[in-house]
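In: How does the following fold in three dimensions:
(one chain, ligands or ions: 1)
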Amino acid sequence: MHLFRFDGGRIGITVDGASYDITEAIGIDPGAWPPVQMVALIADFARRTQGVTRHAGTRPIDIAGVRLDVPIEWPNKLIAFPVNYAKHGEEMKSTSRADLSGFFLKANSSLSGPGDPIVLPELPGREIHHECELGIVIGKQGRNVTREQAFEYIFGYACLIDVSARGPEERVMRKSYDTFCPFGPWITTADEVPDPGNLQAKLWVNGELRQNANTRDLIVDIPGMIERSSSVATLFPGDIIATGTPEGVGPIKRGDQVRIAIERVGEMTLAVR
Ligand code: MN
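Out: Next up is the predicted model:
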């Protein structure tokens, strides 16, 4: 199943190739603030969506005809693992590595959707890079989750670009500008991704392939990221973990088109402004 937000906070699902607007059926007010409806839905997903495609309030939609919004707008947190592929560590001449340095937090407000442009700030003389990453969506609250339990806590996956200004500031500042975390185009539920440790992830800039790697080369693997992050902080439904970028990062500039595609998960193309 794909789960998505569209047209200003409405909620939709795609099941067996057919898409539905389930906003009324599950009793969501798209304009409610704070925008945490998707987080609440994920927390109680099986119960709230049981039989929803047959509900009187559900209507079929053409997903090609709607504007997709970021699937999760207000998670409790957005965790990110830096330098989690050895070859990316080499290209950055980095002294840190995810298995040694652990994770950082990226501002939740940096999240943006598949229909939103990446808006570059004015930073003269500085490079702003694309980082192609798999996003993990947490489905269940947990602390001190073990490797063995980790997959019980995963709701699904999405494409994620960890846009990063290079420079001397703290990671959290360089990576937290508004629109620096395109995420989407939808959440693919975990049942559709039987082996997330073997997914090809690719990123193109203006049609040129820049990044092409497999999640099997992660230094800290997916269960390891759940274990490490939950040893520090309680994970909540809707939390997002950015798994780290492989080699091939590089600058983006105004006017570029950035496309990300992850096997079994989805793909999206973003304009840079
Ligand atoms: Mn990153």
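In: contacts and neighbour counts: CA atoms only from here.
Out: Noted.
In: distance from the centroid: which residue in the chain tops it?
Out: Here the chain reaches farthest from its C-alpha mean at A56, the gap being 31.5 Å by Cα atoms, centre = their mean.
In: how many neighbours does K140 have?
Out: Neighbour count for K140, taken as other Cα atoms under 10 Å: 17.
In: Next, the contact list for it, please.
Out: K140 is in contact with A43, E152, Y153, I154, F155, L235, F236, P237, counting by Cα atoms under 8 Å, 6 or more residues apart in numbering.
In: That one: what secondary structure?
Out: At K140 the chain is in coil, as set by DSSP: H, G, I helix; E, B strand; the rest coil.
In: For it, what are phi and psi?
Out: phi -150, psi 140 (degrees, to the nearest 10).
In: for I161, same thing?
Out: phi -110, psi 120.
In: ok, now T215?
Out: Here T215 shows phi and psi, under degrees, to the nearest 10, equal to phi -60, psi -10.
In: Could I get the pLDDT score of it?
Out: T215 carries a pLDDT value of 96.
In: Tell me who's in contact with the closest residue to R147 other than its chain neighbours.
Out: Closest residue in space to R147, ignoring its immediate chain neighbours: P223 at 4.9 Å, by Cα to Cα, 6 or more residues apart in numbering. Shown in contact with P223 (Cα under 8 Å, 6+ apart): T146, R147, E148, A150, F151.
In: can you list the residues of the stretch 151-273 of the chain near the ion?
Out: D162, G244 (Cα under 5 Å from the ion).
In: what's the helix or strand for the closest residue to the ion within the stretch 151-273 of the chain?
Out: The minimum distance from the stretch 151-273 of the chain to the ion, using Cα to the ion, falls at G244 (4.4 Å). Following DSSP states H and E, one finds G244 outside all helices and strands.
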